[in-house]
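>>> Got a sequence here, can you build the structure:
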Amino acid sequence: MQTQLAPQFANTPEGLEAARILGKCVHCGFCTATCPTYQLLGDELDGPRGRIYLIKQIAEGQTPTEKTRLHLDRCLTCRNCESTCPSGVQYGNLVDIGRKWAEENTPARPLGQRLTRWALKEGLTKPALFNSAMALGRLVRPFMPQSIQRKIPLVKNRALHSAVDPYARPTAMHKRKMLILEGCVQPGMLPNINSATARVLDALKIQVISAPNATCCGALRYHLNDQAGGLENAKQNIDAWWPLVEQGVDAIVMTASGCGVMVKDYGHLLANDPAYATKAKHIASLTKDISEILPALQEELIALIGQDPKPGVVYHPPCTLQHGQQIRGKVESLLTNLGIGVRLCQDSHLCCGSAGTYSVTQPELSEQLRKNKLAHLNAACEESGAKVIVSGNIGCITHLQQEDAPVLHWIEIIDQLMSKSAKNS
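Model (predicted):
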């Protein structure tokens, strides 16, 4: 797809990148077959190919409209289209550029939208503020609508969730050390995920450390068109992590795949920043989802919990893992080799509708996708006999919660088994 960049975009990093990505698209339409919003709405402009045309029009100087912005807003950025594109179109990077251009060249959003987006950017990325709001929300949770209750999960110290205090972290020192990104909302919403990760790695003689000055990964701001703010978050993290990186940490561990896909992109996002380009590239290379770390330690895990048959689970692979990071099969293989039967549901490649802040900014579409996904997940549970659904991203986990069917991070299952094994030994 040949693009003649308008003068305002010619010779700019964004314009040149957009032209390069657009040049790979051959209009084949394979992407529409796996696009969740196209499947729901049936509108070419609500699929990747249509959105690519809209971005091309902006790049060539056509003024975007509020309708253009709406079609770009409706994109989940699940990047399923990237997994099916035979030409390697980097749609995720392109849509971020297109959204920025559309935002800059259309009338201001209605006040309600502006306030909502401001609250998301400022409220969710400040842990102290968010944790206080979450604590208050838990007090009044019974009086809230069910759709809101799902976003305020209760922290319960129960055998299914955790055999120990969900805030408990090991204090042992080990030669091997890995940095962990605590995340913005995860410590307040579901603290056991990071704690379980620290306990599992501790049992494998790896010490988990965190940098006090680290902040949000930047994804939330960046994908809400505050790209400058997202990059500032990235720079703050690099500054916070760099002294520890220089001391020789083995990896930067991600327990939320949504954060992982963003941090792995630091090298690309800061490639034109002379002060951060080299460091950002190195940080990105060190960043690993927990599902990339544990397979290399499988034998040690087997020694701790065995390979005997254990209760099965239904696994929902997050889009940010299977499409954004192109990591597939690692969780399923690891759990299976530990004796945990794993079942995927029908259409496991499709988004659940969480997609960062999408469930707030596009609630109707998000809820349709959630209902479809839960129908398939619950069917897989019924067919396999599994009692638990697991995933690898905080957004998916909270979005898919049901009163009668818990959704956990898969690392919590391993933590449970380790705790049970230690008690029995």
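>>> now the strands: where do they sit in the stretch 51-200 of the chain?
Secondary structure of the stretch 51-200 of the chain, counting by DSSP state E, counting those that start in this stretch: strands at 176-180.
>>> low-confidence ranges in it?
By pLDDT under 70, the weakly predicted segments of the stretch 51-200 of the chain are 127-167.
>>> Please identify which helix or strand holds the residue nearest the centre of the chain.
Central residue of the chain (CA atoms, centre = their mean): Gly258, 1.6 Å from the mean position. Following DSSP states H and E, one finds Gly258 within helix 257-263.
>>> Dump the C-alpha coordinates for that helix into PDB.
Extracted in PDB, the C-alpha atoms of helix 257-263 (Å, rounded to 0.1, in the frame of the first residue of the first chain):
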ATOM      1  CA  SER A 257       1.200  -9.600  30.200                       C
ATOM      2  CA  GLY A 258      -0.300  -6.200  29.500                       C
ATOM      3  CA  CYS A 259       2.600  -4.600  31.300                       C
ATOM      4  CA  GLY A 260       5.000  -7.000  29.700                       C
ATOM      5  CA  VAL A 261       4.100  -6.200  26.100                       C
ATOM      6  CA  MET A 262       4.600  -2.500  26.900                       C
ATOM      7  CA  VAL A 263       8.000  -2.800  28.600                       C
END
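>>> who's in contact with the next helix or strand after it?
Note on helix 257-263: by DSSP H and E, the next helix or strand toward the C-terminus is helix 266-269. Residues outside helix 266-269 that contact it (CB atoms under 8 Å, 6 or more residues apart in numbering): 93, 222, 230-231, 234, 238, 277, 280-285, 287. Every residue, glycine included, has its C-beta placed from N, CA and C.
>>> Go again with 7 Å.
Applying CB atoms under 7 Å, 6 or more residues apart in numbering, the contact partners of helix 266-269 are 231, 234, 280-281, 283-284.
>>> Likewise for stretch 66-77?
With CB under 7 Å, 6+ apart as the test, stretch 66-77 has contacts from 36-37, 45-46, 50-51, 54, 92, 95, 98-99, 102-103, 106-107, 223, 351, 355, 358, 361-362, 365.
>>> list the buried ones in that stretch?
Neighbour counts over stretch 66-77 (16 or more other CB atoms under 10 Å) mark 68-69, 71-77 as buried.
>>> Quick one: residues contacting the nearest residue to Cys184 once chain neighbours are set aside.
Spatial nearest neighbour of Cys184, excluding adjacent residues (CB to CB, 6 or more residues apart in numbering): Cys216 at 4.7 Å. Taking CB under 7 Å, 6+ apart, we find Cys216 in contact with 125, 184, 233.
>>> and what of Gly229?
Gly229 neighbours (CB under 7 Å, 6+ apart): 121, 221.
>>> helix or strand for it, which one?
Here Gly229 is assigned to helix 227-246, by DSSP H and E.
>>> quick one on the thing from earlier: could you check how far the residue nearest to the centre of the chain is from Asn372?
Distance of Gly258 to Asn372, computed by CB to CB, to the nearest Å: 20 Å.
>>> so where do the helices sit in the stretch 251-400 of the chain?
Applying DSSP state H, counting those that start in this stretch to the stretch 251-400 of the chain gives helices spanning 257-263, 266-269, 277-286, 290-293, 298-305, 319, 330-337, 358-361, 363-384, 394-399.
>>> Point out the one among the ones you listed that comes closest to Gln62.
Relative to Gln62, the nearest member of the helices of the stretch 251-400 of the chain by CB to CB is helix 358-361, separated by 24.9 Å.
>>> quick one: that closest one to chain centroid distance?
When distances are taken as CA atoms, centre = their mean, to the nearest Å, helix 358-361 is centred 14 Å away from the chain's centroid.
>>> Make 538 the first number, not 1, from now on.
In the new numbering, first residue 538, that becomes helix 895-898.
>>> Point out the other helices and strands that the helix holding Gly795 packs with.
Helices and strands touching helix 794-800, as assessed by 3 or more CB pairs under 7 Å, 6 or more residues apart in numbering; DSSP states H and E, comprise helix 756-760, strand 788-791, strand 824-826.
>>> Before I go, just wanted to say thanks for your time.
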